[in-house]
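**Q** Compute the structure for the input listed below.
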Amino acid sequence: MSAFLDETGTLITVDHSNPLPVALVAGFTSLNDGELKTASYANPLPVTVVTTDYTEAELPDADDVAVGTEVFNTTYQVKMRSNGTSWEWLGVGRSTWANKPSVAPSGQIICVTDVGENGILCRGNGTKWIRMHPTILYNLATPIVLTGTTAVTTLLTIPIPAALMGLIGRLNMLSFFALTNNANNKTLRAGIGANNVAVQGAASLAATGFNFWLLNLNSATAQRNNNAASFTIDTTVSMDLVITGQLANAADSMTLNTLTLELI
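**A** Reported below is the predicted structural model:
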């Protein structure tokens, strides 16, 4: 029992006969039932060793460092930990499509910053990087006008990176054209290399949509389109989707107002 006067002169008494038990943490000292209690540091948890930052080329072999060693890979902007055999990513790495890691560890994720409107996420399957979601590859910002010629004229070229489509990828294109409304023909084409994957003629129309899809048939070199035509385009290499227009009368015009290319 102890007593003291508070600031108003009132006598305050405190009973210490049965204090509440105090939970101990490392380094904490307290009195409990009048006995001094001190936590012990005898068996601390193991601490992971964190080493210097490395580029991909500078990384030591994962089996040459202690298990649990963590490093920061500056090439792909991701923290990594050694499991004694290999380096495991501890977050989402970052790269361009052309410079992505040649090894795609199963379950690891990387953000490819130069594909689509805001990058894409890909997951390693142990062999290669697989897209995790659809993406908009291209979205037309400014209308394109064709007039004054009857030659086949390139209106737009959209690059498609090598192997981005994968084995079952599908390109979807949606577009809208305004046309001179007369009987003269206007022809629209979408081509990849020597292949016209979509062709559409229009006459006596003020406007028309020009749309198609192209699907890889569980193969990176075999496709069909929405008209059931077959193709053998090698999508493992870089390719361009080229949109062309042709007028039967040079005095007419066609205007590509909108175009979106999606990869799913």
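
**Q** Can you give me the distance of Arg114 to Trp97?
**A** One thing to correct before we go on: residue 114 is Asp, not Arg. To Trp97, Asp114 is 6 Å away according to Cβ to Cβ, to the nearest Å. C-betas here are computed from N, CA, C, even on glycine.

**Q** can you check Cys111 too?
**A** 11 Å.

**Q** Next: Lys128.
**A** Applying Cβ to Cβ, the value for Lys128 to Trp97 is 12 Å.

**Q** Looking at those two, which one has more neighbours?
**A** Neighbours per residue (other Cβ atoms under 10 Å) separate Lys128 from Trp97, with Trp97 holding more: 19 against 13.

**Q** In three-state terms, label that one for me.
**A** coil (DSSP: H, G, I helix; E, B strand; the rest coil).

**Q** tell me the contacts of it?
**A** Trp97 sits next to Val112, Asp114, Val115, Pro161, Leu164 when contact means Cβ atoms under 8 Å, 6 or more residues apart in numbering.

**Q** Widest-spaced pair of the residues you listed?
**A** The largest separation in the contacts of Trp97, counting by Cβ to Cβ, is between Asp114 and Leu164 at 10.9 Å.

**Q** quick one, which of the two is more surrounded?
**A** Neighbour count, other Cβ under 10 Å: between Asp114 and Leu164, Leu164 has more, with 23 against 12.

**Q** Arg131 is in contact with the more buried one, correct?
**A** Yes - between Leu164 and Arg131 there is a contact under Cβ atoms under 8 Å: 7.4 Å.

**Q** Where does pLDDT dip in the stretch 51-200 of the chain?
**A** Within the stretch 51-200 of the chain, not a single segment meets pLDDT under 70.

**Q** quick one: the nearest residue to Asn83 once chain neighbours are set aside and Ser82, what's the gap?
**A** Of all residues not flanking Asn83 in the chain, Val67 sits nearest, at 6.5 Å (Cβ to Cβ, 6 or more residues apart in numbering). Separation of Val67 from Ser82 (Cβ to Cβ) stands at 6 Å.

**Q** Tell me which of those two has more neighbours.
**A** A direct count of neighbours by other Cβ under 10 Å for Val67 and Ser82 places Ser82 higher, at 24 against 14.

**Q** re earlier: what sits against the residue nearest to Asn83?
**A** Neighbouring residues of Val67 by Cβ under 8 Å, 6+ apart: Ser82, Asn83, Gly84.

**Q** circling back to that earlier point, what is in contact with Leu164 and Arg131 at once?
**A** Common contact partners of Leu164 and Arg131 (Cβ under 8 Å, 6+ apart): Leu263.

**Q** Please look at Asp53 and Thr74 and confirm they touch.
**A** Yes - Asp53 lies in contact with Thr74 (Cβ under 8 Å); the separation is 5.2 Å.
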